[in-house]
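**Student:** Mind folding the following:
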Amino acid sequence: MNQHHRYSIAVEWTGNTGEGTRSYTAYRRDHVVSAPGKQPIEGSSDPAFRGDAARYNPEELLVASLSACHMLWYLHLCSANGLIVTGYRDDAGGVLAMNADGSGAFSSVTLKPEVTLDARHGDADRQKAIELHESAHHHCFIARSMAFEVAVEPHVRMA
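**Tutor:** Coordinates of the predicted model:
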């Protein structure tokens with residue numbers, strides 16, 4: 001299957017305080033991420049880089065993309081395997097390693113999904129639910145595109 005999907009996003013800087021980028025401290029890092037027909041996302045940089053802590057930063061959105069992609073694949077695989085998931089939450093985290101010149105790169109992201117299975121499932125289904133995280137990780141488009149480690153530490157409980 002040789003199929004391509006294209007994604008278009010607009011990012012508009014909204015942090016001009018009237019002086020443009022005259023100096024490093026003269027502007028805000030605020031921006032808006034948008035796409036037609038969707039709610040905008042208010043963004044900024046990390047507060048460590050003069051950003052607004054009340055807005056999402058690109059690093060958080062990268063971790064969120066990995067987490068959401070994994071979750072969506074996982075829910076699909078559970079459905080296809082007859083497992084009834086009644087709850088899902090991931091407290092994901094990432095590590096950004098900074099270089100002396102101010103550049104940096106993610107060194108890792110860890111997903112920590114907590115899945116709740118319907119109480120009718122037994123231990124065999126619980127084990128299958130844990131195993132499906134590996135398959136979800138393998139299928140996740142975003143994780144497959146990363147140049148750093150994406151670890152998955154799942155926990156499954158019965159409702």
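**Student:** got a list of contacts for the worst-scoring helix or strand of the chain on mean pLDDT?
**Tutor:** When each helix and strand of the chain is scored by mean pLDDT, DSSP states H and E, strand 155-158 comes last, with a mean of 91. Strand 155-158 is contacted by residues 112, 113, 114, 115, 116, 117, 118, 119, 121, 126, 129, 130 when judged by Cβ atoms under 8 Å, 6 or more residues apart in numbering. From N, CA and C alone the C-beta is placed, and that goes for glycine too.
**Student:** can you redo those as a markdown table with pLDDT?
**Tutor:** What follows is the contacts of strand 155-158, written out as a markdown table (pLDDT from 0 to 100):
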| residue | pLDDT |
| --- | --- |
| 112 | 98 |
| 113 | 98 |
| 114 | 97 |
| 115 | 97 |
| 116 | 95 |
| 117 | 94 |
| 118 | 90 |
| 119 | 77 |
| 121 | 69 |
| 126 | 90 |
| 129 | 95 |
| 130 | 95 |
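**Student:** Please identify which pair of these lies farthest apart.
**Tutor:** Using Cβ to Cβ, the contacts of strand 155-158 span at most 22.7 Å, a distance reached by 112 and 119.
**Student:** Which of the residues in the biggest helix by length in the chain are classified as buried?
**Tutor:** Determined from DSSP state H, the single longest helix within the chain is helix 58-80. Residues 59, 62-63, 65-67, 69-71, 73-75, 77-78 are the ones in helix 58-80 that count as buried (16 or more other Cβ atoms under 10 Å).
**Student:** on contacts alone, who are the packing partners of that helix?
**Tutor:** Other helices and strands packing on helix 58-80, by 3 or more Cβ pairs under 8 Å, 6 or more residues apart in numbering; DSSP states H and E, are strand 41-43, strand 85-90, strand 93-98, strand 104-111, strand 113-117, helix 123-139, helix 141-144.
**Student:** check contacts around the most centrally placed residue in the chain.
**Tutor:** Taking Cα atoms, centre = their mean, the centroid of the chain lies closest to residue 64, which sits 1.9 Å from it. By Cβ under 8 Å, 6+ apart, residue 64 lies in contact with 56, 92.
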